[in-house]
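Q: here is my input; please provide its structure:
(chains A and B)
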Number of protein chains: 2
Amino acid sequence: MSEPDIVTTLDADACWQLLHDHELGRLAFHLAGEVHITPINYAVDGRTLLFRTAEGNKLLGVVMHSDVAFEIDGMDDTEAWSVVLRGRARLLEGDEEHRAERVPLRPWTSTAKYNVVEIAPTEVTGRRFGLHKPWEHIQQ
Amino acid sequence: MSEPDIVTTLDADACWQLLHDHELGRLAFHLAGEVHITPINYAVDGRTLLFRTAEGNKLLGVVMHSDVAFEIDGMDDTEAWSVVLRGRARLLEGDEEHRAERVPLRPWTSTAKYNVVEIAPTEVTGRRFGLHKPWEHIQQ
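A: Here you go, the predicted model:
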């Protein structure tokens, strides 16, 4: 007999609840034909994500090529989960920037961060995994 | 007076020590012109990373376009850190696959994972951030 499938799919509401409950994720983006990844602080605004950024790689990447992917995850002793979002990034301009003031999105470090970027998702998927670590039992 | 810079750069040895000490990271890769991101279990082998994968998106992506980026991070109440690696991914073949048996790289779930992929880094960078969360003080 094969083992039961212990990967479960999360529905959209569960994915958005996890996105609401966290504040640190990872953004993957194109830059000059390469793929890059960087941790970002984010906040949920409606069914979009917002993050702040200074002029630099992250910003340049999403302005030149708006196709991005974003991920959060977590784990404990028995299971792990992840939520992956694909979508389009764009700089907020003018009055739109005020959206960032209504959500718990603050710069965590003293580095100045001037721009607000919105990620509008085209796809949100989530999975929960039961963890199977045979060597932990062996070592006991 | 400006605030002191509280972002510090990690040297290569510190980055590799953090890579050794963890086992869950996130892989960003190209697939059909899009950027994708997925959590992976990995292990360090020399100055490369190894991970297992079944036939599917992850594998297809790195075979068709070997340029990848990989990230690990962590945080506590006072600081966060991240290590980002860019490099080339390739499938290990034949005898090379045995490299995966010498490192603590096991499938955590019961999903069969048949292939071993090596990421040979071209660049490894790490940063440590002091955390500045003004709203936590406000809420107390």
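
Q: going along the chain, name the helices of chain A.
A: With helices called from DSSP state H, chain A shows them at A:12-21, A:57-64, A:134-139.

Q: mean pLDDT lowest where, among these?
A: The weakest mean pLDDT among the helices of chain A belongs to helix A:134-139, with a mean of 49.

Q: show me the contacts for the residue of chain A at minimum distance from chain B.
A: Closest contact between chain A and chain B, by C-beta to the nearest C-beta, is at A:A28 (3.4 Å). Backbone N, C-alpha and C define where each C-beta goes, glycine included. Applying C-beta atoms under 8 Å, 6 or more residues apart in numbering or on different chains to A:A28 gives the contacts A:35-37, A:68-71, B:26, B:28, B:35-37, B:69.

Q: just the buried members of the residues you listed?
A: A:35-37, A:68-71, B:26, B:28, B:35-37, B:69 (16 or more other C-beta atoms under 10 Å in any protein chain shown).

Q: below-threshold pLDDT in chain A: ranges please.
A: Applying pLDDT under 70 to chain A flags residues A:1-5, A:55-58, A:106-113, A:132-140.

Q: quickly list what the closest residue to A:A100 other than its chain neighbours is bridged to.
A: Using C-beta to C-beta, 6 or more residues apart in numbering or on different chains and skipping the chain neighbours, the partner closest in space to A:A100 is A:V116 (4.5 Å). Residues in a beta bridge with A:V116, per DSSP bridges, are A:R52.

Q: from memory A:V116 sits against A:D95, does it?
A: No: the pair A:V116 and A:D95 fails to qualify as a contact (C-beta atoms under 8 Å) at a distance of 11.4 Å.

Q: looking only at neighbour counts, state which of these two leads.
A: A:V116 (20 against 7; other C-beta atoms under 10 Å in any protein chain shown).

Q: for the buried ones among the contacts of A:A28, which one is nearest B:A12?
A: Closest approach to B:A12 among the buried ones among the contacts of A:A28 (C-beta to C-beta): B:A69, at 17.0 Å.

Q: quick one: residues contacting that closest one.
A: When the contact criterion is C-beta under 8 Å, 6+ apart, the partners of B:A69 are A:A28, A:E34, A:V35, A:H36, A:I37, B:L27, B:A28, B:F29, B:V84, B:L85, B:R86, B:G87.

Q: can you tell me, leaving aside adjacent residues, what's nearest to the last one?
A: Counting by C-beta to C-beta, 6+ apart, the nearest residue to B:G87 once its immediate chain neighbours are dropped is B:P121, at 4.0 Å.

Q: distance of the one you found relative to chain A?
A: Going from B:P121 to chain A by C-beta to the nearest C-beta, to the nearest Å gives 13 Å.

Q: that older thread, who does the residue of chain A closest to chain B bridge with?
A: Per DSSP bridges, the residues bridged to A:A28 are A:I37, A:A69.

Q: relative to A:I37, how far out is it?
A: Plainly put, A:A28 is 5 Å away from A:I37 if you go by C-beta to C-beta, to the nearest Å.
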